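Visitor: Here is a sequence together with a model predicted from it:
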Amino acid sequence: MHIKIGTRSSRLALWQAEYIQELLGNGGVSSELVLIETKGDKIQDRSIAKIGSKGIFTQELEDQLRAGTIDIAVHSAKDLQSSLPADLGIIAFTEREQVNDVLVSRNKTVSLTSGQPFVIGTSSTRRVAMLKHFCPHVTTVDMRGNLQTRLRKLDEAQCDALLLAYAGVHRMQYDDLIVEYLPVQEFTPAVGQGSVAIEAAMSLTNEKLQTIRQLTNHEATETCLKAERAFLRRLEGGCSIPVFGLATWAGAEISLTGGIINLDGNQMLRETFTGTPAEAEQLGYQLAESILAQGGDEILQTIREKL
Ligand SMILES: NCc1[nH]cc(CCC(=O)O)c1CC(=O)O
């Protein structure tokens, strides 16, 4: 068996694709990488929230899945739309890395808890809104681009620090630049953060599908992400909406915490639901209904008008 793996060509995307290649190789399955450029890679000068169209990092990969020129496409789970077209599906989620966000800086004295004002580069609406909520003394500047581009902007002093997912920073081996680990109880991460997702077309042979799943899928992560993604799907939130969600599996129970925050950061709704792993998706829908009923629907509507 030989698998063609479609991937974007940023360093993080390549790390993820090579990780999948390694997991397949451990099971004796050979594979090759097919590098694919997406609209999101071409447009670097506008924020993703402003480009607005869903799937800007996925469309070209999905075209090739359908055409059969690649067997699977590899993505950061958090960058995947919450609902996929009927002829495509996610066939595996890899074991999740530490899920929290981290503050990255060349200046070791920078700290969110110090109360000192400084400037953070980020283009994530969730991070901007949460910083306004928890750390009103810091200011943010919009900063797009891959990790290497952002670090260059940091070095050019366009900001004092970056707020990033630990997973990406660690995978790119920038751990020595981490100056603070943010607690997930406050800065709840984006849905899917830290896991790598494998997407395939329904036309993939069952033999390939089962082999790939067996070698790459992590059941606990998959179950947690089912809960988180059901929550996001019900809110119809793409990656540019400040929705957050994190499920954990402990003992016989799944616990899903999630919510929404408005762009000004002065209204945050967050709640936790627990249930059995078999109820993962239901938990996501229940949480979404509850958040919407508490005023989440109005927050969402206002956000959609502004973006
Ligand atoms: N939106 C970009 C993106 N997609 C995945 C990661 C990090 C790795 C991950 O969470 O899987 C990042 C960078 C970041 O948010 O810091």
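Guide: Great, that's in hand.

Visitor: Quick one: mean pLDDT over stretch 177-189.
Guide: Mean pLDDT, computed over stretch 177-189, is 97.

Visitor: Which residues of the stretch 51-200 of the chain lie near the ligand?
Guide: Taking CB under 6 Å from any ligand atom as the criterion, the stretch 51-200 of the chain approaches the ligand at residues S76, K78, D79, L164, A165, A167, G168, Q193, G194. Every residue, glycine included, has its C-beta placed from N, CA and C.

Visitor: got a list of what the fourth one touches?
Guide: For L164, the contact set (CB atoms under 8 Å, 6 or more residues apart in numbering) comprises D101, V102, V104, T122, L147, R150.

Visitor: residue in the stretch 101-250 of the chain nearest to the ligand?
Guide: Nearest residue of the stretch 101-250 of the chain to the ligand: G168, at 3.1 Å (CB to the nearest ligand atom).

Visitor: Does that residue belong to a helix, a strand or coil?
Guide: Three-state call for G168 (DSSP: H, G, I helix; E, B strand; the rest coil): helix.

Visitor: And the helices in the stretch 201-307 of the chain?
Guide: 206-216, 219-235, 280-291, 297-306 (DSSP state H, counting those that start in this stretch).

Visitor: taking the mean pLDDT, what do you get for the last one?
Guide: Confidence for helix 297-306, expressed as mean pLDDT, is 91.

Visitor: What is the burial count for D160?
Guide: 20 (other CB atoms under 10 Å).

Visitor: count of neighbours near the residue nearest to it when sequence neighbours are not counted?
Guide: Take D160 and drop its neighbours on the chain: the residue closest to it by CB to CB, 6 or more residues apart in numbering is F118, 4.1 Å away. If you count neighbours by other CB under 10 Å, F118 ends up with 19.

Visitor: Could you check how far F118 is from L112?
Guide: 9 Å (CB to CB, to the nearest Å).

Visitor: Mutual contacts of those two, please.
Guide: V138.

Visitor: returning to what we had before: where does confidence bottom out across the contacts of L164?
Guide: Where pLDDT dips furthest among these: L147, at 89.

Visitor: in the stretch 51-200 of the chain, which spans are strands?
Guide: Using DSSP state E, counting those that start in this stretch, the strands of the stretch 51-200 of the chain run over 72-76, 88-93, 101-104, 119-121, 139-141, 161-165, 178-181, 196-201.

Visitor: Ok, which of those strands comes nearest E279?
Guide: strand 88-93 (18.0 Å; CB to CB).

Visitor: before we move on, the earlier item: if you compare the helices of the stretch 201-307 of the chain, which one is most tucked away?
Guide: Compared across the helices of the stretch 201-307 of the chain, helix 219-235 shows the largest average neighbour count, a mean of 24 (mean count of other CB atoms under 10 Å).

Visitor: what's the pLDDT at the residue in the stretch 1-150 of the chain that the ligand sits nearest to?
Guide: Proximity to the ligand, evaluated over the stretch 1-150 of the chain using CB to the nearest ligand atom, is greatest for S76 at 3.4 Å. pLDDT, S76: 95.

Visitor: any idea of the pLDDT on P242?
Guide: Looking at P242, the pLDDT reads 93.

Visitor: before we move on, back to that, mind checking how far the residue nearest to D160 is from L154?
Guide: Taken as CB to CB, the span from F118 to L154 is 12 Å.

Visitor: Which residues are in contact with each of these two?
Guide: Common neighbours of F118 and L154, using CB under 8 Å, 6+ apart, are D160, A161.

Visitor: quick one: T276 and S255 touch, right?
Guide: No - counting by CB atoms under 8 Å, T276 stays clear of S255, with 11.1 Å between them.

Visitor: who's more crowded, those two?
Guide: S255 (16 against 12).

Visitor: Next up, the contacts around that one.
Guide: A247, T248, W249, T272, F273, T274.

Visitor: With pLDDT, distance to the ligand and neighbour count as new columns, can those residues be given to me in JSON lines?
Guide: As requested, these are exported to JSON lines (pLDDT from 0 to 100; distance: CB to the nearest ligand atom, whole Å; neighbours: other CB atoms under 10 Å):
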{"residue": "A247", "pLDDT": "98", "distance to the ligand": "15", "neighbour count": "30"}
{"residue": "T248", "pLDDT": "98", "distance to the ligand": "16", "neighbour count": "16"}
{"residue": "W249", "pLDDT": "96", "distance to the ligand": "18", "neighbour count": "16"}
{"residue": "T272", "pLDDT": "98", "distance to the ligand": "21", "neighbour count": "13"}
{"residue": "F273", "pLDDT": "98", "distance to the ligand": "23", "neighbour count": "21"}
{"residue": "T274", "pLDDT": "97", "distance to the ligand": "24", "neighbour count": "14"}
